[in-house]
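Visitor: Quick one, what's the 3D model for this:
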Amino acid sequence: MLVEQASGFDTNAVRHVLEAAGGHTTPASTARRNLLSDREIEVLRRISLGESNKEAARVMQISPSTVRTHVESIFRKLECSTRAAATLKALTLGLI
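Guide: Coordinates of the predicted model:
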């Protein structure tokens, strides 16, 4: 397998490259996808575009306080404290 032949390289980096190139999905990538709920991913996509909680709530037809709860959960799960950091981490993990 290519991962085993890539000695000297970071194993996770090799797996990510292989996945991006259409390789097999690993349990780790499945776990990453399950890190956030579908609703949290939707909220994260909206806030990553610069929408406020109120704007995201209006589009998603939920209350702004529900959006705030999702944002807090996203921050906790991604171990981030800002929208920009959460967006960057989600992009890095392939969540959005």
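Visitor: Following element in sequence after the longest helix along the chain, please.
Guide: Of all the segments of type helix in the chain, defined by DSSP state H, the longest one is helix 64-78. Next along the chain after helix 64-78, taking DSSP states H and E as the criterion, comes helix 83-93.
Visitor: helices and strands around that following helix, which ones?
Guide: Packing contacts for helix 83-93, counted by 3 or more C-beta pairs under 8 Å, 6 or more residues apart in numbering; DSSP states H and E, involve helix 38-48, helix 64-78. Backbone N, C-alpha and C define where each C-beta goes, glycine included.
Visitor: residues of it that come out buried?
Guide: Within helix 83-93, the residues that qualify as buried by neighbour count (16 or more other C-beta atoms under 10 Å) are 83, 86, 87, 89, 90, 93.
Visitor: So residue 35 sits against residue 95, correct?
Guide: Yes - the pair residue 35 / residue 95 is scored as a contact, 6.8 Å apart, by C-beta atoms under 8 Å.
Visitor: which one of the two has more residues nearby?
Guide: residue 95 (20 against 16; other C-beta atoms under 10 Å).
Visitor: separation between the more buried one and residue 61?
Guide: Distance, residue 95 to residue 61, by C-beta to C-beta, to the nearest Å: 22 Å.
Visitor: cool, residue 88 as well?
Guide: Residue 88 is 28 Å from residue 61, by C-beta to C-beta.
Visitor: go on, residue 51?
Guide: Counting by C-beta to C-beta, the gap from residue 51 to residue 61 is 14 Å.
Visitor: More neighbours: these two, which one.
Guide: Set residue 51 next to residue 61 and count neighbours by other C-beta under 10 Å: residue 51 wins out with 18 against 6.
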